[in-house]
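Q: Sequence first, then the predicted structure, then my questions.
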Amino acid sequence: MTDSADAINAEALRILKLLEEMPFDACCPLTREFSELPPRPGIYAVKHKTQGILYIGKSGSVKGRFKGGHKALGWAFMDRLDPDDVRIAVAVLSLQWIRLSLQLEQIIIRQLVPPYNVRVN
Amino acid sequence: MTLQTPPTDERILDSLPDEIRVAILTYADESEISANAVIEGAIKHFLSLDASLNGEVANTVEDASLLSSLPPILQSQAISYAEQTEIPAELVIELAIAHFLDPDSVTFDDCQVKVEQNSIAWLKQYAGETATAA
């Protein structure tokens, strides 16, 4: 069931809803150590307080991904966005979905078309 | 004919997909450390462990497991991470190596292998810290 297109699509939309609806104050603020981010596999959204989701990505360790620097945050800086208005929302992936992260990410990006993902492609 | 099991410390490297193994060997060559040290470094990096971590811990896994190729302290840390995240302990090795080679990947399935100069520099520093601690 997990491998079926319908199940993958449904899970992608569930994750997208979770990332979109997560209150800004509940998202992880930008810090040097990103100590609030989980060191776990997940799909994440870089969110702006009023502009919404700027970028969608995935990583085997969301915390590790940001500690190494992230181009989406570089673009936010270049766009003169206030760092206090940018936060990160995370949906941790369970074992069932870990090997399907690429498909989940692609569905979410196609659905949302985040502005910073468009720059990447 | 006598069947011989491969040396324990080569089992993880031998188990990797070709593209991943080549990348690990490239990092080993560029950093002038063993492939095994690259793998251990990747796991320590993923688990945010101190490079000098070398405590005395008893082996905790069966010899048949790939985890048994790792130093006992890494075995215990990998098992602890696996329990917290509710994934198989051996998957931690894959997540760690994939993350080291491509931080935008989750597993080998979506890993776009890159050999980065800053990762080579990190490995050299890691090797230095490990040698100092020994």
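A: Arrived safely, thanks for sending. Quantities reported herein were computed from a predicted structural model and do not represent experimental measurements.
Q: contacts, neighbours, all on C-alpha from now
A: OK.
Q: Who's the closest spatial neighbour of the residue nearest the centre of chain B, skipping the chain neighbours?
A: Geometric centre of chain B, nearest residue: residue B:39, 2.7 Å, by C-alpha atoms, centre = their mean. Once flanking residues are discounted, residue B:39 sits nearest to residue B:97: 6.7 Å by C-alpha to C-alpha, 6 or more residues apart in numbering or on different chains.
Q: That neighbour is in contact with residue B:40, isn't it?
A: No. Residue B:97 lies out of contact with residue B:40 (C-alpha atoms under 8 Å); the separation is 9.1 Å.
Q: With neighbour numbers in mind, choose between the two.
A: residue B:97 (29 against 20; other C-alpha atoms under 10 Å in any protein chain shown).
Q: hmm, back to that, could you measure the residue nearest to the centre of chain B against residue A:43, distance?
A: 25 Å (C-alpha to C-alpha, to the nearest Å).
Q: Quick check: the residue of chain B nearest chain A.
A: residue B:106 (4.0 Å; C-alpha to the nearest C-alpha).
Q: can you count the residues close to that residue?
A: There are 30 residues near residue B:106, going by other C-alpha under 10 Å.
Q: cool, the one 10 residues further on as well?
A: By the criterion of other C-alpha under 10 Å, residue B:116 has 13 neighbours.
Q: Would you mind giving both backbone torsions of it?
A: phi -100, psi 140 (degrees, to the nearest 10).
Q: List, one by one, the residues from chain A near chain B.
A: Residues of chain A lying close to chain B (C-alpha under 8 Å from any C-alpha of the partner chain) are A:39-41, A:57-61, A:64-65, A:94-95, A:98-99, A:101-102.
Q: Filter these down to the buried ones.
A: A:39-41, A:57-61, A:64-65, A:98-99, A:101-102 (16 or more other C-alpha atoms under 10 Å in any protein chain shown).
Q: So which of those residues are in helices?
A: Those of those mapping onto helices are A:64-65, A:98, A:101-102, per DSSP state H.
Q: and residue A:45, which of the three is it?
A: Assigned by DSSP: H, G, I helix; E, B strand; the rest coil, the conformation of residue A:45 is strand.
Q: what does the one 10 residues further on give?
A: Secondary structure of residue A:55, reduced to three states by three-state DSSP: strand.
Q: rewinding a little: which SSE is the residue nearest to residue B:39 in?
A: Using DSSP states H and E, residue B:97 sits in helix B:89-101.
Q: Give me the next element, helix or strand, following that helix.
A: Next element after helix B:89-101 (DSSP H and E): helix B:117-133.
Q: Residue A:89 - that's part of a strand, no?
A: Yes. Residue state for residue A:89 (three-state DSSP) corresponds to a strand.
Q: got the residues of chain B near chain A?
A: Counting by C-alpha under 8 Å from any C-alpha, chain B sits next to chain A at B:46-47, B:85-87, B:95-96, B:98-99, B:103-107, B:109-110.
Q: so which of those comes closest to residue A:81?
A: residue B:104 (23.7 Å; C-alpha to C-alpha).
Q: so where do the helices sit in chain A?
A: A:5-21, A:62-67, A:71-78, A:95-98, A:101-112, A:115-120.
Q: Would you format the ones you listed as CSV with distance to residue B:118 included?
A: Listed next are the helices of chain A as CSV, based on distance: least, C-alpha to C-alpha, whole Å:
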stretch, distance to residue B:118
helix A:5-21, 31
helix A:62-67, 14
helix A:71-78, 16
helix A:95-98, 27
helix A:101-112, 25
helix A:115-120, 21
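Q: ranking those by burial, who's on top?
A: Compared across the helices of chain A, helix A:62-67 shows the largest average neighbour count, a mean of 22 (mean count of other C-alpha atoms under 10 Å in any protein chain shown).
Q: which secondary structure elements does it contact?
A: strand A:42-48 (3 or more C-alpha pairs under 8 Å, 6 or more residues apart in numbering or on different chains; DSSP states H and E).
Q: what's the residue nearest to residue B:39 in contact with, if anything?
A: Shown in contact with residue B:97 (C-alpha atoms under 8 Å, 6 or more residues apart in numbering or on different chains): B:39, B:42-43.
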